[in-house]
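In: could you look at this predicted model? Sequence included:
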Amino acid sequence: MKKSIFIMFIFIAIFVSLSFSEIYQRNETVFVGGGLWGPPANWNPMTPWSAVSGTVGLVYETLFIYDPVKDDIIPWLAEEGKWLDENTYQINVRKGVQWSDGKDLTAKDVKFTFEFPGKYPSIHFVNLYKYFDKVELVDDYTVKFTFNDPRYHEWSYQLYQIPILPEHLWKDKTEEEVTAGSNEYGCIGSGAYKFETYDQDRMIFLKNENWWASKLLGINAVPKRVVYIRALSNNVVLGMIMKGEELDVANFFLPGVPAIKKAYDIHTWFEGKPYMLSDNTAFLFVNNTKKNLSNANFRIAVAYAINSPEICNRVFEDMVIPSNTLGFLPIEGWMKYYDNEVASKYGFSYDPVKAKEMLDKEGFKDIDKDGYREAPDGSKMKFDIIVPFGWTDWMESIKIIAKNLKDVGLNAEAKFPDYNRYFEQLTTGDYDFAINNFNSYVSSTPWTLYNWIFTEIIGERANNGNFERYADTSMNDLIDEFNGTPMLDVEKGKEILSQVEEKYLKEMPAIPLWYNGMWFVANNAVWTNWPAENSTNQAYPCVWGGRWQIGGLMMLTNIELK
């Protein structure tokens, strides 16, 4: 009996090995990584922050997609979208789109998706729903949104963020299924790929051979399978990408890439420095509610004290560049609102002499001659700077920042709590200084940046931004006014945002430091024509969760088998 069971296990092992060999045919499979930190467990497009990367973008699609390189919002499931008047937006849904179960995608699905928060108010975009007076079906492929309070910039952003749902599969789901369910057995979308299977260390997507874009747009996803790899450390990833056997493209920060590029045929967006596109801004959040840190000139002095160019060079090996004084990403959609005059007049740069002068003027002086300044009331000061343990690039960065602050007489120490403790401190205001970048990433409008930095805190926790706990409501009023300005009226938008920028620089509630890279490295061993500055493939090379629709998908339509 035992012998027969042993033989059975041998056959099972051989079968599994052969099956996996078939699944992972190298000439039809792309291995990617960068956003899977635990075993796959969630494929719910209504909880995109926790869904497996690819759920939105590969399986479920949005009305539009966004190209940050060209600053272009591209019709996708929508054939066209336009404002009929200042309060009415009409979407023409693309005819011929089907769900992967064969049913047609129509305007009813679009209406259902955007009105879903009316049924279940705990859905994350419920605030957007509150801006609607009504959502009407004009015909089977036309839907009209009438706003009571049009938020043009926010709407532009959400049009490529909110995945469209199949009404016939979601209309009977409970609120718990919608907001907390895994959706493992109902992952039916309209996208280029379908849920196939998963394991503890990978998620496997299978090509949708009936994807609508092949016929309607002449666009084809090249690989038959996309395997999203879970990696436990950057060192493991570096070894995998060097070999090019089980990882083709990675969105990880990998130290040492500049040194190994040529030897291992490693591909980056730029051939030389800075190697990476700028994807988001790392800010030093300053707790505005703490004694001494509530002094705006003290915060500005701290900004002058920090040597961001040194951090970019020593920590990031020049794979990133220092931020401008406003934290604006160097993309057209943001920089057209950048007021150079305001930035020049009120901005900062690394200047420790200036930092010392400002601290002296504000009464922060080393009275007892121990090398550290006391507060104006004579009390001792000591500050902690926190980042999560294991985030090695940020850990090294705050060591430099702590030294920069000590160089101007401020006693600062780098601390590395575990991630859960870090997030608890950040959101409850139990910290002095903290680096964060959670919602500073590329988008169609800088509204997303300022809305994140200055969002109103509801309750005691700052879960969605404003970690610095800035409390001037006039700033929120200006940001709302900017949001309510049509996207085409750039001059008016810039006039409003200039006021925000001036107020920001005069008060410096959070300090922009450097641009975190769009960490993108690829190996040319199996696939080529990866995105690059001078490539015919200009897709934004992002495979992070919830962001495939800003370039990752298009990258897969342009790569070539070597």
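Out: Here it is on my side, so go on.

In: so how far is residue 353 from the nearest residue to residue 374 once chain neighbours are set aside?
Out: In this structure, residue 374 finds its nearest non-sequential neighbour in residue 367, 4.9 Å apart by CB to CB, 6 or more residues apart in numbering. In this view, the C-beta of every residue, glycine as well, is placed from N, C-alpha and C. Counting by CB to CB, to the nearest Å, the gap from residue 367 to residue 353 is 21 Å.

In: got it, and residue 538?
Out: With CB to CB as the criterion, residue 538 and residue 353 are 43 Å apart.

In: higher neighbour count, the two?
Out: Ranked by neighbour count (other CB atoms under 10 Å), residue 538 and residue 353 place residue 538 first, with 18 against 10.

In: so the more buried one makes contact with residue 531?
Out: Yes - assessed by CB atoms under 8 Å, residue 538 is found in contact with residue 531 at 6.3 Å.

In: what's the helix or strand for residue 555?
Out: helix 552-556 (DSSP states H and E).

In: how far off centre is that helix?
Out: When distances are taken as CA atoms, centre = their mean, to the nearest Å, helix 552-556 is centred 16 Å away from the chain's centroid.

In: so where's the stretch 251-400 of the chain shaky on pLDDT?
Out: Regions of the stretch 251-400 of the chain meeting the criterion pLDDT under 70 are absent.

In: likewise the chain?
Out: Scanning the chain for pLDDT under 70 picks out 1-23.

In: the residue lying closest to residue 83 once chain neighbours are set aside: what secondary structure?
Out: Using CB to CB, 6+ apart and skipping residues adjacent in sequence, the residue nearest residue 83 is residue 89, 5.4 Å away. With DSSP: H, G, I helix; E, B strand; the rest coil as the basis, residue 89 sits in strand.

In: which residues of the stretch 201-350 of the chain fall in helices?
Out: 212-216, 234-243, 257-260, 296-305, 308-314, 332-335, 340-346 (DSSP state H, counting those that start in this stretch).

In: got CSV for those, with mean neighbour count too?
Out: Converted to CSV, those look like this (neighbours: other CB atoms under 10 Å):
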stretch, mean neighbour count
helix 212-216, 17
helix 234-243, 18
helix 257-260, 16
helix 296-305, 22
helix 308-314, 19
helix 332-335, 18
helix 340-346, 14
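
In: out of these, which gets nearest to residue 390?
Out: In terms of CB to CB, the element of these nearest to residue 390 is helix 234-243, at 9.7 Å.

In: got a list of contacts for the closest one?
Out: Residues from elsewhere that reach helix 234-243 (CB atoms under 8 Å, 6 or more residues apart in numbering): 33, 229, 231, 246-247, 250, 252-256, 260, 264, 266, 392, 521-523, 525.

In: list buried residues within these.
Out: Buried members of the contacts of helix 234-243, scored by 16 or more other CB atoms under 10 Å, are 33, 229, 231, 246-247, 250, 252-255, 264, 266, 521-523, 525.

In: correct me if wrong, but the residue nearest to residue 374 is in a strand.
Out: No - in this structure, residue 367 is coil, not part of a strand, as judged by three-state DSSP.

In: that one: neighbour count?
Out: Here the number of neighbours of residue 367 (other CB under 10 Å) works out to 12.

In: do I have it right that it meets residue 379?
Out: No - in terms of CB under 8 Å, residue 367 does not count as a neighbour of residue 379; the distance is 10.1 Å.

In: what strand or helix carries residue 468?
Out: Per DSSP H and E, there is no helix or strand for residue 468.

In: ok, it to residue 504 distance?
Out: For residue 468, the distance to residue 504 (CB to CB) stands at 11 Å.

In: looking at the two, which has the bigger crowd around it?
Out: When residue 468 and residue 504 are compared for neighbours, residue 468 comes out ahead with 27 against 24, by other CB under 10 Å.

In: quick one: contacts for the residue positioned nearest the centre of the chain?
Out: Centroid-nearest residue in the chain, with CA atoms, centre = their mean: residue 441, separated by 4.8 Å. The contact partners of residue 441, by CB under 8 Å, 6+ apart, come to 279-280, 448, 547.

In: and if we set it to 7 Å?
Out: Contacts here follow CB atoms under 7 Å, 6 or more residues apart in numbering; on that basis residue 441 touches 279-280.

In: ok, it to residue 448 distance?
Out: For residue 441, the distance to residue 448 - CB to CB - is 8 Å.

In: tilt between the host helix or strand of residue 398 and helix 234-243?
Out: Residue 398 is part of helix 392-407, with elements assigned from DSSP H and E. On the basis of axes from the mean of the first three to the mean of the last three CA atoms, to 10 degrees, helix 392-407 is oriented at 130 degrees to helix 234-243.

In: without its sequence neighbours, what residue ends up closest to residue 155?
Out: Counting by CB to CB, 6+ apart, residue 155 lies nearest to residue 89, which is 7.0 Å off, once chain neighbours are set aside.

In: still on that earlier bit, looking at the buried ones among the contacts of helix 234-243, which one is closest to residue 435?
Out: Closest approach to residue 435 among the buried ones among the contacts of helix 234-243 (CB to CB): residue 253, at 13.7 Å.
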